[in-house]
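> Fold the following, please.
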Amino acid sequence: MIATRRLYNGQDPVRQLANQRCDLVLNLSASPWHFGKGGLRETLVTNAAKLLGVRSSTVTQSAAMTS
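Numbering: from 1, shown residues only. Sure, this is the predicted structure:
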């Protein structure tokens with residue numbers, strides 16, 4: 001499981017996973033959303049999975065914010 005914020009911040013958790021022989025990259029997210037973030041998250045997670053030669057899945061929690 002990769003915390004996407006580490007990928008956003010330029011950290012490299014993928015290299016750590018490569019040494020652990022993972023089978024799946026799973027990204028769980030409940031962070032605030034903005035236009036374009038979905039595409040960026042998908043790109044980051046997909047690229048990580050490609051580097052590791054495994055499948056990936058992303059799950060995003062969404063909710064309405066009211067004032």
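> Which other helices and strands does the longest helix along the chain contact?
In the chain, taking DSSP state H as the definition, the longest helix is helix 37-52. Secondary-structure packing of helix 37-52 (3 or more Cβ pairs under 8 Å, 6 or more residues apart in numbering; DSSP states H and E): helix 4-8, helix 13-18, strand 24-29, strand 55-60. For the C-beta atoms, the positions are set from N, CA and C on the backbone; glycine is no exception.
> Just the angle for that helix relative to strand 24-29, thanks.
Helix 37-52 runs at 160 degrees relative to strand 24-29, counting by axes from the mean of the first three to the mean of the last three Cα atoms, to 10 degrees.
> just to revisit the earlier point, need the winner for burial among the helices and strands packed on helix 37-52.
Mean neighbour count, computed with mean count of other Cβ atoms under 10 Å, is highest for strand 24-29 among these, reaching a mean of 17.
> Starting from it, tell me which strands it pairs with and how they run.
strand 55-60 (parallel) (DSSP bridges).
> one step back: what comes up buried for the longest helix of the chain?
41, 44-45, 48-49, 52 (16 or more other Cβ atoms under 10 Å).
> want to throw those residues into JSON lines with distance to residue 29?
JSON lines is the format used below for these (distance: Cβ to Cβ, whole Å):
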{"residue": "41", "distance to residue 29": "7"}
{"residue": "44", "distance to residue 29": "11"}
{"residue": "45", "distance to residue 29": "9"}
{"residue": "48", "distance to residue 29": "14"}
{"residue": "49", "distance to residue 29": "15"}
{"residue": "52", "distance to residue 29": "19"}
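> of all those, which comes closest to residue 13?
residue 48 (7.9 Å; Cβ to Cβ).
> Which residue, neighbours along the chain excluded, lies closest to that closest one?
residue 14 (4.6 Å; Cβ to Cβ, 6 or more residues apart in numbering).
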